[in-house]
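Q: Below is the structure, and that's it, no one-letter string:
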């Protein structure tokens, strides 16, 4: 029963079983949910959901690693949490949303410096923390791009 619950939660209700790029698919689903569920535009709500996903992800991730090996690709709750962190407190508009998806996937796949180091944390922590760092860096990157656009008086809402 515990393994079944871990599978359901860690794969975001089965999205992790998508054949080919389940992490990217989960990130896109997270963005779609954000766009179409206005409650997710509330920073406290979104950050609360990130923390809830972190808790479930650490628990389920440890169980899934015991069953499937180190950081199994079917575990995608980390992408959900990371993508939502990448979207947190950004200004409204399609450009910030699309940039958050681009930068999150970039940092999640490239795993620069601390993102790479975080994935070596034990148990479910490594699964979750590297994606949260990728989401954090993505959020900062979006803010940087938007600041540059504003500096040059270029509109950024699409």
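A: Happy to help now that I have it. Owing to the predicted nature of the structure, the values given are computational and were not obtained by experimental measurement. Numbers count the residues shown, from 1 in each chain.
Q: What average pLDDT does the longest helix along the chain get?
A: Secondary structure of the chain per DSSP state H: the longest helix is helix 124-151. For helix 124-151, mean pLDDT rounds to 97.
Q: Would you mark the buried spots in that helix?
A: 124-139, 141-143, 145-146 (16 or more other C-beta atoms under 10 Å). Where C-beta positions appear, they are placed from N, C-alpha and C, glycine not excepted.
Q: For residue 78, see how far away residue 134 is.
A: 9 Å (C-beta to C-beta, to the nearest Å).
Q: what about the protein, any weak spots by pLDDT?
A: Low-confidence segments of the chain (pLDDT under 70): 156-158.
Q: how about the helices in it?
A: Remark: helices assigned in the chain by DSSP H are 2-10, 22-36, 43-68, 77-87, 94-110, 113-118, 124-151.
Q: follow-up on the earlier one: work out the gap between the longest helix of the chain and the centre of the chain.
A: 10 Å (C-alpha atoms, centre = their mean, to the nearest Å).
Q: who does it touch, helix- and strand-wise?
A: Using 3 or more C-beta pairs under 8 Å, 6 or more residues apart in numbering; DSSP states H and E, the elements in contact with helix 124-151 are helix 43-68, helix 77-87, helix 94-110, helix 113-118.
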